[in-house]
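Engineer: after the sequence you'll find the predicted model.
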Amino acid sequence: MRGFFGNQIMTSVLSTILGGLLLLTIVSPAMAESLSFQLETFADGHFSIENRGDERAYRPSIWQLASSGDWERLALEGDGPGEIAPLKKVRGLMLTSTTPNRTHPAYLRPFLVHVHDQAGAPIAQIAWPLPPRQATDRLETQHIGARLRIYAPSKTQASIRATYVLIVPDQGVAQLAYPLDTFTGLSRVVRHAWGVEPWFEVESGVGLAGAWLLHEEANSATEGLSLQIVPEGLLRGQTHQPFWVLVSIGKAILIFVGALAVVSLLLILLGLCLQRKKTVHE
């Protein structure tokens, strides 16, 4: 019987810890769901978009940037599905008009994929049939209120002459209180030629949407535009949850972890005390 109580206590401790880990394992998949898409283009002018995430994408619409600078909605086969399940595809026809101008974003033939997640929150992603080169000089950016501020190139970034901004404003949790609107596409791509002004701003929405910046540089006529991605100001999910919900979730997690640690420590101390008493009596 020596060590029985100590072993029993340690078993209880392990059970408590494993129970906590099991709970975290159960909760994690629900929090880790994601949406991502893979684009494939074909020589006959067709394209396919595959949902490579682990949740369904609802009310999909696919757009492509035309040489006019406007986003045009692409027709999908079968009038377009109401949703795209994980690992499922939608097909359609690409735009036939292109531009030979390497300093225009339409040269890259970007696709905009717009969907809603299971909570009704809108999500926009851009795919590039002709991937742009990554920007080596990144402009400073800052979310201020519901706008994204883009600062002028520094002296060492003087080769950046102009910047195109591709952005889908995100209105955050407020929009979830209303019926889903039909997405009508983005406005014409914004081009800002840099002069003496220290910065310029575009609307990002209270959800602090990210943006795609395409920089026109001195060598863009031959090398093309360079891409700088501005991340969202909030993580997905935070964008569509009130602040008090985030605080409550954070507190609940901290309380649970703290309680688990305290209980485990008390059980270990109790086991050591019982083991010591048993040793003294023997």
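Structural biologist: That came through fine.

Engineer: kindly export stretch 201-212 (C-alpha atoms) in CSV.
Structural biologist: Extracted C-alpha coordinates of stretch 201-212, given in CSV (Å, rounded to 0.1, in the frame of the first residue of the first chain):
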residue,chain,number,x,y,z
GLU,A,201,-6.4,58.1,-46.5
VAL,A,202,-9.0,55.6,-47.8
GLU,A,203,-12.0,54.2,-46.1
SER,A,204,-11.4,50.9,-44.3
GLY,A,205,-14.6,50.7,-42.2
VAL,A,206,-14.8,50.3,-38.4
GLY,A,207,-13.8,46.7,-38.9
LEU,A,208,-10.3,48.0,-39.9
ALA,A,209,-10.1,46.1,-43.2
GLY,A,210,-6.7,45.2,-44.7
ALA,A,211,-5.6,46.4,-48.1
TRP,A,212,-3.5,45.5,-51.1
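
Engineer: buried residues in that stretch?
Structural biologist: Buried residues in stretch 201-212, counted by 16 or more other Cβ atoms under 10 Å: 202, 204-212. (Glycine included, C-beta is placed from N, CA and C.)

Engineer: do stretch 217-228 as well
Structural biologist: Those would be 217, 220, 224-228, for stretch 217-228 by 16+ other Cβ under 10 Å.

Engineer: quick check: mean pLDDT of that stretch?
Structural biologist: Stretch 217-228 comes out with an average pLDDT of 94.

Engineer: could you number the chain from 35 rather than 1 from now on?
Structural biologist: Sure thing, new numbering starts at 35, so read that last one as stretch 251-262.

Engineer: ok, residues contacting it?
Structural biologist: Residues from elsewhere that reach stretch 251-262 (Cβ atoms under 8 Å, 6 or more residues apart in numbering): 136-137, 139, 141-142, 166-173, 193-195, 198, 246-250.

Engineer: re earlier: which of the buried residues of stretch 235-246 sits closest to Ser68?
Structural biologist: Gly244 (15.1 Å; Cβ to Cβ).

Engineer: tell me who's in contact with the closest one.
Structural biologist: Gly244 neighbours (Cβ under 8 Å, 6+ apart): 201, 263-267.

Engineer: switch the cut-off to 10 Å
Structural biologist: Shown in contact with Gly244 (Cβ atoms under 10 Å, 6 or more residues apart in numbering): 158, 175, 177, 182, 201-202, 204, 238, 263-268.

Engineer: for it, which non-adjacent residue is closest in space?
Structural biologist: Glu266 (4.2 Å; Cβ to Cβ, 6 or more residues apart in numbering).

Engineer: pLDDT at that neighbour, what is it?
Structural biologist: With respect to pLDDT, Glu266 has a value of 84.

Engineer: how many other residues sit next to it?
Structural biologist: Residues contacting Glu266 under the criterion other Cβ atoms under 10 Å number 16.

Engineer: now it. Its backbone dihedrals?
Structural biologist: Torsion angles at Glu266 (phi, psi; degrees, to the nearest 10) stand at phi -60, psi 150.

Engineer: what's the distance between it and Gly239?
Structural biologist: 10 Å (Cβ to Cβ, to the nearest Å).
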